[in-house]
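J.: Fold the following.
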Amino acid sequence: MYILLLISLFFILLATLVIMQFHIPRNVIHGIKKRFGNSLNTQNFVTITEENVKEVLCYKKLVPVIEKAFSDFSKCDGGITQPVRVKFPAEKNSSGNYYVMPCSYNGVLVTKLITQFPQNNPRIQSVLTVHDAKEGSMKALLESNLLTAARTAAMSAVATKYLAPTNSKVLAILGAGVQAKSHYFALQSVKEFEEVRIWNRNYLKAETLAQQIGCRACESAEDAVRGADVITTVTGSDTPVLKYEWVTNGAHINCVGGNRPSWQELDPKLMQNAIVYTDTIESAMEESGDIILSKCKIYAEIGDLVNRTKPVKRDQTTVFKSLGMAAMDAAAAKLIYETYTAEQLQF
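T.: This is a model prediction of the structure:
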């Protein structure tokens, strides 16, 4: 009876921890599994937390995976099924939005659920499910804020690999949030920058990030971008923060913010005078204020460069307008899932 009572109390405690979403240390989990075997497997999928994603994330591995996803998406037979993302207001007259992004790619079915509330910190929160595409069984549930930031940065890294000036030395980042930090590490994985500059409307935030990653904070956007070879805009601004006359001819720009039809990060004149690329032309024409309001022409998708179906115009000023794709979520999620589960087997 005493042993049965202890076992009952143990299971009550374990259930309580799960309900409270308490993150049990990995060594404790493996100790429990070793002692009790598979009797504790109450679910057939793994839960991957933000901390788990951080532990296994590697841009040297992620960027090539995203590059292949770009290639496959721009092919007619690339094996990607990606419906247009669903978006609607959280409530009537609400400033918050809810997004649903499904995709079938490379053996997995992935759906990401996103909330975007401007007053929140972080503004964007998301979770992602992974199912096996052949059997339909659920494989994983991921906290996907970090995954989203990483795959977005990796997308910019692929664009930078193909479009940045050959001997790029100076990187400027406008913005100092999560995306700014992820872009710093992702872009450094494809180019060896000698100088990195950070600007944010809140100078203290720029200074804090600069100290964390070892670069220079600038008091104005103009100071940050003058003479830069690569410029990345990752702000929440709805009006342009980057002006045409500040940009060196031949520079490459990753435009990541301004993801609503009425929002802009770049000067319309800059958009009109640059060679503009995007992740998906269909989404860009419907969702990007930088493209819609400037009435600029889109030259190609990044996948066209990877597939060599369009020539690379590296000698001219280029803009990559990034909006995000469910296919990139699927590619990143599969890599994270496989890396994480492989590490678990080593214990």
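J.: now the helices for the stretch 101-250 of the chain?
T.: 145-163, 178-188, 203-213, 221-225 (DSSP state H, counting those that start in this stretch).
J.: and the longest one, what's its mean pLDDT?
T.: Helix 145-163 shows a mean pLDDT of 97 in the predicted model.
J.: For that helix, name the packing helices and strands.
T.: Applying 3 or more CB pairs under 8 Å, 6 or more residues apart in numbering; DSSP states H and E, one finds that helix 145-163 contacts helix 50-56, helix 59-74, strand 124-132, helix 178-188, strand 252-255, helix 302-306, strand 318-321, helix 326-345. C-beta: built from backbone N, CA, C; applies to glycine.
J.: which strands and helices sit next to the longest one?
T.: Identification of packing neighbours for helix 326-345 by 3+ CB pairs under 8 Å, 6+ apart yields strand 46-48, helix 50-56, helix 59-74, strand 97-105, strand 108-116, strand 124-132, strand 138-143, helix 145-163.
J.: Which strands or helices does the first one pack on?
T.: It refers to strand 46-48. So strand 46-48, by 3+ CB pairs under 8 Å, 6+ apart, packs with strand 138-143, helix 326-345.
J.: can you redo the ones you listed as a markdown table with mean neighbour count and distance to Tyr299?
T.: Shown next, in a markdown table, are the helices and strands packed on strand 46-48 (neighbours: other CB atoms under 10 Å; distance: least, CB to CB, whole Å):
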| stretch | mean neighbour count | distance to Tyr299 |
| --- | --- | --- |
| strand 138-143 | 19 | 34 |
| helix 326-345 | 21 | 20 |
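J.: For Cys218, find the nearest of these.
T.: helix 326-345 (30.0 Å; CB to CB).
J.: Go through the helices of the stretch 101-250 of the chain and pick out the most buried.
T.: helix 145-163 (a mean of 25; mean count of other CB atoms under 10 Å).
J.: mind checking how far it is from the chain centre?
T.: Here helix 145-163 is found 6 Å from its chain centre; the criterion is CA atoms, centre = their mean, to the nearest Å.
J.: what do you get for stretch 329-347?
T.: 17 Å.
J.: still on that earlier bit, and Thr239, which of the helices and strands packed on strand 46-48 is closest to it?
T.: Nearest to Thr239 among these is helix 326-345 (27.3 Å), distances taken as CB to CB.
J.: how much does that closest one deviate in direction from strand 108-116?
T.: 110 degrees (axes from the mean of the first three to the mean of the last three CA atoms, to 10 degrees).
J.: Give me the residues contacting stretch 292-307.
T.: Contact partners of stretch 292-307, identified using CB atoms under 8 Å, 6 or more residues apart in numbering, comprise 67-68, 70-75, 155, 158-159, 162-163, 261-262, 264, 266, 268, 271-272, 274-281, 284-285, 290-291, 310, 312-313, 320-321.
J.: what are the bridge partners for the closest residue to Ala326 other than its chain neighbours, then?
T.: Excluding the flanking residues, the one nearest Ala326 by CB to CB, 6 or more residues apart in numbering is Cys103, at 3.5 Å. Assessed by DSSP bridges, Cys103 has beta-bridge partners Val110.
J.: What residues does Cys103 make contact with?
T.: By CB under 8 Å, 6+ apart, the contact set of Cys103 is Ile80, Thr81, Gln82, Pro83, Leu109, Val110, Thr111, Met325, Ala326, Ala327, Asp329, Ala330.
J.: Out of these, which is nearest to Leu174?
T.: Met325 (22.7 Å).
J.: how close does the closest residue to that closest one other than its chain neighbours get to Ile302?
T.: Spatial nearest neighbour of Met325, excluding adjacent residues (CB to CB, 6+ apart): Asp279 at 5.3 Å. Distance, Asp279 to Ile302, using CB to CB, to the nearest Å: 6 Å.
J.: where does the stretch 101-250 of the chain have low pLDDT?
T.: Applying pLDDT under 70 to the stretch 101-250 of the chain flags no residue at all.
J.: Which of the contacts of stretch 292-307 are buried? Put it as a PyMOL command.
T.: Restricted to buried positions by 16 or more other CB atoms under 10 Å, the PyMOL selection for the contacts of stretch 292-307 reads:
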select buried, resi 67+68+70+71+72+73+74+155+158+159+162+163+264+266+268+271+274+275+276+277+278+279+280+281+284+290+291+310+313+320+321
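J.: what helix or strand does the nearest residue to Glu287 once chain neighbours are set aside sit in?
T.: Nearest residue to Glu287, sequence neighbours excluded (CB to CB, 6+ apart): Leu323, at 5.7 Å. Mapping Leu323 onto the secondary structure by DSSP states H and E places it in no helix or strand at all.
J.: With that, I have no additional questions.
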